[in-house]
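>>> Coordinates only, no sequence provided:
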């Protein structure tokens, strides 16, 4: 069994106008990206090779955009523990995706 390449909790997952959860989870493991609700139900998942992700200039430092199965999600990391350095989880998330073969958007 391989180890999780990236895992983050307390992630706000939005599909622009609609918020799915404010305490979700993002997991990059075994070549797949999964977005989970706070109760563990899956919102969306896909092989990392078909995912595109990146940082937008108009988003806060702790936010990223990911396109999964043609749907664009806004991921805001560390919702409960807002503090300086909030960009670190986003940076690690993007590095994990790039390392696993995701496209940059």
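Structure received. Here the structure is a predicted model, which means the values were calculated and not measured.
>>> Starting from the helix or strand hosting residue 8, tell me which strands it pairs with and how they run.
Residue 8 is part of strand 6-15, with elements assigned from DSSP states H and E. Paired with strand 6-15 in the same sheet, following DSSP bridges, are strand 18-29 (antiparallel), strand 71-76 (antiparallel).
>>> for it, which positions count as buried?
For strand 6-15, burial by neighbour count (16 or more other C-beta atoms under 10 Å) applies to 6-14. Where you see a C-beta, it was placed from the backbone N, CA and C, and this is true even at glycine.
>>> Not counting it itself, show me its contacts.
Residues outside strand 6-15 that contact it (C-beta atoms under 8 Å, 6 or more residues apart in numbering) are 19-29, 35, 37, 43, 71-81, 89, 92-93, 96-97.
>>> Repeat the analysis, applying 7 Å as the threshold.
19-28, 35, 43, 71, 73-81, 89, 92-93, 96 (C-beta atoms under 7 Å, 6 or more residues apart in numbering).
>>> Would you list the buried entries among these?
20-21, 24-28, 35, 43, 73-79, 89, 92-93, 96.
>>> Can you report phi and psi for residue 51?
phi -100, psi 140 (degrees, to the nearest 10).
>>> need the contact list for it.
So residue 51 contacts 33, 66-68, 97, 102 (C-beta under 7 Å, 6+ apart).
>>> Kindly provide the distance from it to residue 12.
Look at residue 51 and residue 12: by C-beta to C-beta, to the nearest Å, they are 18 Å apart.
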